[in-house]
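Enquirer: I would like the atomic coordinates for the input below:
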Amino acid sequence: MSIFVGNLSYQATEEAISEVFSEYGTVKRVQVPTDRETGRMRGFAFVEMETEAEESSAIDALDGAEWMGRDLKVNKAKPREDRNSSRGGGGWSNDRSSRRY
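Expert: Residues are numbered from 1 along each chain as shown. Predicted coordinates:
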């Protein structure tokens with residue numbers, strides 16, 4: 001299981017996030033996604049802790065808490081969706097009859 005941490009300051013680091021969550025148990029991993037083009041943090045992270053009890057404790061304590069000038073959004077991470085299933089039509093077609101010149 002993983003915890004989603006949203007509304008993070010762009011100055012937050014993996015180490016700082018780990019330090020905050022370690023008050024509620026053992027932090028196994030922190031992931032801070034970055035923008036592919038700019039390399040800048042995207043404003044959210046995922047935290048994995050040793051047990052579900054520790055994760056629940058961290059969620060209860062930190063959801064809505066102010067940290068680095070922002071109110072955190074902390075909850076259980078949802079499973080990743082298949083990106084292809086969410087796209088509606090609009091793909092390229094090889095059918096020449098649909099092309100306009």
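Enquirer: give me the beta-bridge partners of the closest residue in space to residue 32 that isn't next to it in sequence?
Expert: Leaving aside its sequence neighbours, residue 32 sits nearest to residue 45 (Cβ to Cβ, 6 or more residues apart in numbering; 4.6 Å). Bear in mind the C-beta positions are built from the backbone N, C-alpha and C, glycine included. Residue 45 has the following beta-bridge partners by DSSP bridges: residue 5.
Enquirer: and residue 45, what does it touch?
Expert: By Cβ atoms under 8 Å, 6 or more residues apart in numbering, the contact list for residue 45 reads 4-5, 8, 12, 14, 17, 30-33.
Enquirer: which residues of this structure score low on pLDDT?
Expert: Applying pLDDT under 70 to the chain flags residues 82-101.
Enquirer: all strands for it, in order.
Expert: 3-6, 27-31, 44-49, 66-67, 70-71, 73-76 (DSSP state E).
Enquirer: now those as TSV including distance to residue 60?
Expert: Formatted as TSV, those follow (distance: least, Cβ to Cβ, whole Å):
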stretch	distance to residue 60
strand 3-6	11
strand 27-31	16
strand 44-49	13
strand 66-67	15
strand 70-71	15
strand 73-76	9
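Enquirer: which ones are touching the closest residue to residue 6 other than its chain neighbours?
Expert: What sits nearest to residue 6 in space, not counting adjacent residues and going by Cβ to Cβ, 6+ apart, is residue 73, at 3.7 Å. Contact analysis of residue 73 by Cβ under 8 Å, 6+ apart lists 4-7, 63-64.
Enquirer: show me which of these is closest to residue 80.
Expert: residue 4 (11.2 Å; Cβ to Cβ).
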